[in-house]
Every structure is written in structure tokens, then in C-alpha cells.
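Student: below are the sequence and a predicted model; questions follow.
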There are 2 protein chains.
Amino acid sequence: MNTDVTPAYRPLYQQIKEVLMGRIVSGEWAPGTFIPSESALSQEYGVSVGTLRKALDSLVNDHVVIRHQGKGTVVATHDADRSLFQFFHIVRHDGERCLPISRVLVREVREANATEAAALEIKEGEQVVHIRRVRELKGKPALLEDLVVSSALFPAMEYEPETLPNTLYQLYQQRFGLSVAKAEERLFAVAAGKAEQEHLGVMPGTPLLEIHRVARNLQGEALEFRVSRCETQQHCYLNEL
Amino acid sequence: MNTDVTPAYRPLYQQIKEVLMGRIVSGEWAPGTFIPSESALSQEYGVSVGTLRKALDSLVNDHVVIRHQGKGTVVATHDADRSLFQFFHIVRHDGERCLPISRVLVREVREANATEAAALEIKEGEQVVHIRRVRELKGKPALLEDLVVSSALFPAMEYEPETLPNTLYQLYQQRFGLSVAKAEERLFAVAAGKAEQEHLGVMPGTPLLEIHRVARNLQGEALEFRVSRCETQQHCYLNEL
DNA sequence: CAGTGGTCTAGACCACTTA
DNA sequence: AAGTGGTCTAGACCACTGT
């Protein structure tokens, strides 16, 4: 009996989509650059413009490329807007979104513990870069954030560049050529400890929102594991369904 | 000066989409029923099949209709699957999704407080139906849930039907003709009180995840305001970005 | 088999950007 | 004016569902 999951039929536009993805993933078309025009690509692959458009539509839907009428199609980058709308879901109670300012507390290389190794799909004890930051919204400390990335993928990130930018995903893309395309977040409620008391100014035991995020590239490989603890008197996590 | 937000140009397929939406919202095409075929509709409106398909594609994207190759296009209903995947984000730590069993604790008519009135976009003091339930996952109490709906929109719901189904959105649609199409959820961390101690079996002060959900119909009108408190030792809230 | 949605084509024309 | 993406058309053929 045939237990294949892949259908016998593979629509042409899906095949085209995968080829285009490949040219982006391989770095041939770098983030921020224009890809060839629809008509050029349709000729290159010997398909109709309509079919090629359908492949591109799908890539637009996946946030892989962005189209600009009259100009062309660019490979998506991690500008501040994207970080804000795709990945940052903390808002003030009045609903206003704004990207937080970050202050780095810890930046070191150490060995991955079991949880981190599982999240990053590496072996326990492998080297990771660990960064701890406090993130402020409108001048008020709102988040205490710990994140780890594999040292193998992000070499020397523990000391270079000297100052870390606010939106790390831009750095990952520009310096290490690794683009975060998607992520899963798991939310828990936890009690504040000493670290949160010190950096967020809350009493120990105060309930905090804890967010575990695994950020992945287009192929689904884990790039970063991040744990954020958020004070929810002033802010909350917003999700639209 | 013209300060209109609506663009001067209105693509045909968007106009068609709105007309189709209207026929669904008005009840002419009820949830669960098949709408006319693509070719029939394209003839009726005097547009090409391609244009009509584009309108339908958009409705599929908005979860308003569902297409079945070889059969036809049906107006979306609230089956258990939809409740599970679009609206229910609580999962076990191992990642398994399952719909919880509900036990009703309170079912009454009372006046809306300020928070509820604001969420439902009604006046404070207007009559609402209030329901409190405990929801169990795999036999373990996981959620304590309070929800309110306007008595005006949901007449007699405080005593009819005698037993409330597990997935309320199906009831809203079938009995009251009101379809939940989208929602916003805001998440907070709070400390457990006596009610949570009694019904969830947690110590007072235990951090809990609190979820505020406003459920809306296709036109964006608020239908239900729901507050759930969730124990996060066994479960968490999962969001894919 | 007829009817449905799904794919693919070829071409016309429109709106937007840049030079 | 030339080039890009966006809309719209008309028609062919494929895949899936029911009878």
C-alpha cells in the first residue's frame, strides 16, 4: 500500500515556488534586493505569467517577498516594522504598539542546558551565545529576556559587533546571513523571582507572562530560543484570530 | 481636500467579494449550505470565471467559505475542528491539541459591568447572559471561564437550551443565527484566587494565564466577551507566527 | 457520465514608478 | 516613454465527486 503523504500531482506553480525559494535560501537573491520581473521569470521557466504570479502570490503570503507595483519584487528583510507586526505582540493596555528599547545585561558563551538544546535541536553541552536584556517600553522596564543561539551558527557573536542593535533579527540576517521567517511562541504564567524584582521593579511572587519563542528560518531549522518575562500591569500580549 | 481613505479604484473582484459577503451575512446563504457554482455566479454577475474565483479565493482566505473540489463551495460553519484550530490555542506541554469538556457552574442574567459593556460595545447596566464554566482537558480541570453575551442578541439563553453544548459558537450560529468570524485575545498573568483554588485545585496566589477574548461577527460587531484563567503547569498557550 | 473546483495559458489593458 | 506589478478576460484541460 502506498503511504506517501505527497500527492501524486504537483501543481506547476508549486514547483516554481520551490525553485524560487531555493534561489532565495541559497543567497542568490539576497534579502532587500529585487528579483527578476514576472515576465522575465516566466520566460526563464517557460511557464505563463499567470502561473508564475501564482507562485509569487504564495511567497508574498508567506512573507518571503514583497511586491511593489511599478517597481518590482524584493526579498523580504527584517526592518523594524516587520519585527513589530510579525513578531512582537506586546502592546500597552490602550492597544498602542511600539518597539522596546533594549539594555544588554549579559553576553557570554556557555554550554546549552537540556531545555535550550532541545529547543535549538542541538546536543546538550554544545556552545551557545547567551544574551540577557531588559526591554523598556516608553521608558518603563517591561520585559526581561534571555535568549540563546548556537555558537556554530553565530560565530563570535558574544563580542562582535560591539553593541547589539535593538532588533536582533536584522543583525542575524545582515551579519550571519540567517533570516528568521517564522516562529512558535508558548505562553505561561510564572512568579517573579529576584532577577525580575531587580530589573522590572516588581515584588517577588508577582505573576508574570513568560513567553518561549523558537525562531526558525524558511526551512524550519531552529535559529534562536528566547524566553521573555513580561509584567502585565501596563502591557499585555495581543493575538488576533 | 479629499480625505477619503477608500481608493478611487475598486477592483471588480473586491466588489464581487462584498456582494457575496452580503448574501452570506443577510442569511440568504446559510452556514453549511452550498452556494452556486463558480460558473453560475460568474454568469449572474457578468464577470469572467477568473475574476469570480479571485473573489472566492479571498473569502476562503478569510475563513468565510470552504471549497471542496468536485463538490462545491459551502459557507463555513463552526464545527469542532474550526473551534479547535482557529479559536482554541491551549495545548498540553507535549503539544497535543484537544477540545476541553465543559461543566457549567453559573448561568444567569445580570447587568453588564463597565468592563463587559466596553468589550461588548453596549451600555453599562444592560442585560447580559453570564456563564461560568470549568473546562477539563484529559480529565484534569484546566480552565475557569467566565463569558457574557448581550441578552438582546441572545434572548432566553439563560435557560434555553437546557444543556449547553461544548462548543458554544456552534450554538450561537445554529440557534441565534450569529456567526463568530474572528476574535482578539489579550493575555495577562494573574494570581489565583478562591474560585480558582476551588475549581482548578491550585493554591491561592499561583500564577495563572488570563485570556480576554472578544469574539466578533463578519462585520466586526462584538458578540461575546470571555475571560479564561488557565493553569500552566500542564498546559500552555501556543501561537504560531 | 455530468458537474464541480483546480490548473494553466495567452493576451489585453490599467495603475504605478522611474527616468 | 518604458518597465513593473495588478486586473480582467476567454478558453482549454485536469482532478475529484457524485450518480
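Tutor: Done, it's in. Numbering: from 1, shown residues only, chains lettered A, B, ... in the order given.
Student: which element, helix or strand, includes the closest residue in space to A:Val149 that isn't next to it in sequence?
Tutor: Of all residues not flanking A:Val149 in the chain, A:Glu224 sits nearest, at 4.9 Å (CB to CB, 6 or more residues apart in numbering or on different chains). Bear in mind the C-beta positions are built from the backbone N, C-alpha and C, glycine included. Here A:Glu224 sits within strand A:222-230, counting by DSSP states H and E.
Student: contacts for that strand, please.
Tutor: Strand A:222-230 is contacted from outside by A:90, A:116, A:119-121, A:135, A:142-150, A:153, A:168, A:172, A:178, A:180, A:190, A:192, A:196, A:200, A:208-217, A:237, B:189, using CB atoms under 8 Å, 6 or more residues apart in numbering or on different chains.
Student: what about these, which are in strands?
Tutor: Members of the contacts of strand A:222-230 lying in strands (criterion: DSSP state E): A:90, A:135, A:142-150, A:190, A:208-216, A:237, B:189.
Student: who does the residue nearest to A:Val149 bridge with?
Tutor: Beta-bridge pairing for A:Glu224 (DSSP bridges): A:Val149, A:Ala215.
Student: so it versus chain B, what's the distance?
Tutor: 13 Å (CB to the nearest CB, to the nearest Å).
Student: tally of neighbours for that residue?
Tutor: Other residues lying near A:Glu224 total 25 when counted by other CB atoms under 10 Å in any protein chain shown.
Student: how about A:Arg133, secondary structure?
Tutor: Secondary structure state of A:Arg133, per DSSP: H, G, I helix; E, B strand; the rest coil, is strand.
Student: my read: it touches A:Arg103, true?
Tutor: Yes. Assessed by CB atoms under 8 Å, A:Arg133 is found in contact with A:Arg103 at 6.3 Å.
Student: who has more neighbours out of these two?
Tutor: Neighbour totals were compared for A:Arg133 and A:Arg103, and A:Arg133 leads with 24 against 12 (other CB under 10 Å).
Student: beta partners of that one?
Tutor: A:Val104, A:Glu145.
Student: how about the contacts made by it?
Tutor: Counting by CB under 8 Å, 6+ apart, A:Arg133 touches A:102-105, A:144-145, A:147.
Student: returning to that earlier point: now the contacts of strand A:222-230: which count as buried?
Tutor: Restricting the contacts of strand A:222-230 to buried positions leaves A:90, A:116, A:119-120, A:135, A:142-150, A:153, A:168, A:172, A:178, A:180, A:190, A:192, A:196, A:200, A:208-217, A:237, B:189, with burial counted as 16 or more other CB atoms under 10 Å in any protein chain shown.
Student: returning to what we had before: and the strand holding A:Glu224, how far out from the chain middle?
Tutor: 10 Å (CA atoms, centre = their mean, to the nearest Å).
Student: quick one: mean pLDDT for that strand?
Tutor: Averaging pLDDT along strand A:222-230 yields 98.
Student: hey, C-alpha coordinates of that strand in CSV?
Tutor: Provided in CSV are the C-alpha atoms of strand A:222-230 (Å, rounded to 0.1, in the frame of the first residue of the first chain):
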residue,chain,number,x,y,z
ALA,A,222,15.7,26.5,14.8
LEU,A,223,17.9,29.6,14.9
GLU,A,224,17.1,31.1,18.3
PHE,A,225,15.4,30.2,21.6
ARG,A,226,14.1,33.1,23.6
VAL,A,227,12.4,33.3,27.0
SER,A,228,10.8,36.6,27.9
ARG,A,229,9.1,37.5,31.1
CYS,A,230,6.6,40.3,30.9
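Student: strand A:207-216 and that one, what's the angle between them?
Tutor: 170 degrees (axes from the mean of the first three to the mean of the last three CA atoms, to 10 degrees).
Student: buried sites along strand A:222-230?
Tutor: Buried residues in strand A:222-230, counted by 16+ other CB under 10 Å: A:222-230.
Student: just those residues now: which is nearest B:Ala30?
Tutor: A:Cys230 (42.8 Å; CB to CB).
Student: which residues sit against the helix or strand encompassing A:Lys54?
Tutor: Using DSSP H and E, A:Lys54 sits within helix A:49-61. For helix A:49-61, the surrounding residues in contact (CB under 8 Å, 6+ apart) are A:12-14, A:16-17, A:20-21, A:38-39, A:41-42, A:45, A:65-67, A:73.
Student: touching DNA strand D at all, that helix?
Tutor: Yes. Using CB under 7 Å from any atom of the strand, helix A:49-61 reaches DNA strand D at A:50, A:53.
Student: give me the most central residue, chain A.
Tutor: The centre of chain A sits closest to A:Val180, judged by CA atoms, centre = their mean, with a distance of 3.9 Å.
Student: what sits against it?
Tutor: A:78, A:87, A:169, A:172-173, A:215-217, A:223-224.
Student: what are the boundaries of the helices in chain A?
Tutor: A:12-25, A:38-45, A:49-61, A:80-82, A:114-120, A:168-176, A:194-200 (DSSP state H).
Student: what does the fourth one contact?
Tutor: When contacts are defined by CB under 8 Å, 6+ apart, helix A:80-82 is touched by residues A:63, A:76, A:99, A:166-167.
Student: ok, the last one next?
Tutor: With CB under 8 Å, 6+ apart as the contact definition, helix A:194-200 has outside contacts at A:105, A:134, A:141-144, A:192, A:202-204, A:206, A:208, A:229, A:231.
Student: just the fifth one next, same as before
Tutor: By CB under 8 Å, 6+ apart, the list of residues contacting helix A:114-120 from outside reads A:112, A:123-126, A:128, A:148-150, A:212, A:214, A:222, A:224-225.
Student: restricting to C-alpha, output that helix in PDB.
Tutor: The C-alpha trace of helix A:114-120 is given here as PDB (Å, rounded to 0.1, in the frame of the first residue of the first chain):
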ATOM      1  CA  ALA A 114      18.800  20.400  28.200                       C
ATOM      2  CA  THR A 115      15.900  22.800  27.500                       C
ATOM      3  CA  GLU A 116      17.900  25.000  25.300                       C
ATOM      4  CA  ALA A 117      19.400  22.100  23.400                       C
ATOM      5  CA  ALA A 118      16.000  20.600  22.800                       C
ATOM      6  CA  ALA A 119      14.600  23.900  21.500                       C
ATOM      7  CA  LEU A 120      17.600  24.600  19.200                       C
END
